[in-house]
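3D model of this:
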Amino acid sequence: MQQRFLLQLSQDNLQEDAKRLGVTALTLKHITIDVIAQIQKSPTPYLELTYRIELPTPLSKRLEWSDWQADKVGFSDFLWEKTCLECFIQQNHQSGYVEINAAPCGKFAVYNFLSYRTPSGLPPEPLFISNGNRAVINWQNLSQDDLSDNFRRQFAIDLKQLPNFQESLSNFGIAKLHPCVILNFGAAQLYFAPKHAIPADFHDASYWQDFKPKS
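Okay, the predicted model is just below:
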């Protein structure tokens with residue numbers, strides 16, 4: 001059961017970002033990002049997310065993409081300040097949502113919001129699970145061959161960590177999904193999502209898509 005999301009570049013500062021990077025706006029529009037969201041049911045239900053990023057030649061060597069480092073795997077705040085893979089998960093009939101941040105090097109964070117950007121403090125409130133520990137993600141398919149592919153990462157989250165998990169519900173209770181990406185080139189940060197608010201705001205749930213994976 002999977003669903004593909006094609007991410008679009010926010011147009012808020014397109015011309016200014018192109019100028020700062022010394023490329024044309026058309027070059028920026030040729031950045032391709034897709035995310036495959038897939039539910040696996042065994043041995044425990046989990047959501048797997050695969051991010052694939054293709055950059056035009058003028059930008060491929062300039063992306064600040066940290067190499068995988070096994071010793072860096074663990075919870076870390078403020079990952080959105082650099083290149084960051086993100087996903088927002090909203091469950092059925094809930095105003096709250098979960099935000100996942102993941103850095104290419106292996107750092108991650110899983111946050112819990114009760115409603116739009118609430119609590120509002122920074123860093124956000126981590127998602128805690130029943131045993132009192134922070135929720136975690138699990139990195140997938142990090143063989144040596146995968147490590148040479150600098151613009152692909154895959155991770156999964158055990159759905160039983162979600163605040164209102166119910167195994168009996170369709171799609172395990174996930175109603176909306178919003179995968180997004182921040183690419184940092186030093187001179188500019190670019191924001192990608194399936195749809196954008198104006199100005200760009202990943203937290204605006206009115207732009208999130210229904211999660212309807214297909215077999």
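
please enumerate the strands of this structure.
Ranges of strands in the chain, per DSSP state E, are 2-9, 32-40, 46-54, 74-75, 84-91, 97-102, 107-113, 138-139, 152-158, 174-184, 189-193, 209-210.

dump those strands into a markdown table; add mean pLDDT as well.
Below are these laid out as a markdown table (pLDDT from 0 to 100):
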| stretch | mean pLDDT |
| --- | --- |
| strand 2-9 | 97 |
| strand 32-40 | 96 |
| strand 46-54 | 96 |
| strand 74-75 | 98 |
| strand 84-91 | 98 |
| strand 97-102 | 98 |
| strand 107-113 | 98 |
| strand 138-139 | 97 |
| strand 152-158 | 97 |
| strand 174-184 | 97 |
| strand 189-193 | 98 |
| strand 209-210 | 96 |
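
minimum distance to Pro124: which of the ones you listed has it?
Closest to Pro124 of the strands of the chain is strand 107-113 (Cβ to Cβ; 4.0 Å). Quick note: C-beta positions are derived from backbone N, CA and C, even for glycine.

what angle do the closest one and strand 97-102 make?
Interaxial angle, strand 107-113 versus strand 97-102 (axes from the mean of the first three to the mean of the last three Cα atoms, to 10 degrees): 170 degrees.

for strand 107-113, name the packing helices and strands.
In terms of contacts (3 or more Cβ pairs under 8 Å, 6 or more residues apart in numbering; DSSP states H and E), strand 107-113 is packed against strand 74-75, strand 97-102.

hey, which of these is tucked in deepest?
Mean neighbours per residue, mean count of other Cβ atoms under 10 Å, is largest over the helices and strands packed on strand 107-113 for strand 97-102, with a mean of 22.

coming back round to it: which one of the helices and strands packed on strand 107-113 lies nearest to Lys41?
Here strand 97-102 is closest among the helices and strands packed on strand 107-113 (Cβ to Cβ), at 19.6 Å.

which helices and strands does the closest one pack with?
Secondary elements touching strand 97-102 (3+ Cβ pairs under 8 Å, 6+ apart): strand 84-91, strand 107-113, strand 152-158.

adding mean neighbour count, write the ones you listed out as TSV.
Output for the helices and strands packed on strand 97-102, formatted as TSV (neighbours: other Cβ atoms under 10 Å):
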stretch	mean neighbour count
strand 84-91	23
strand 107-113	22
strand 152-158	20
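
quick one: closest of those to Ile182.
Comparing the helices and strands packed on strand 97-102 against Ile182 with Cβ to Cβ, the closest turns out to be strand 84-91 (4.6 Å).

could you name the helices and strands sitting against whichever helix in the chain runs longest?
In the chain, taking DSSP state H as the definition, the longest helix is helix 14-21. Counting contacts by 3+ Cβ pairs under 8 Å, 6+ apart, helix 14-21 packs against helix 25-29.
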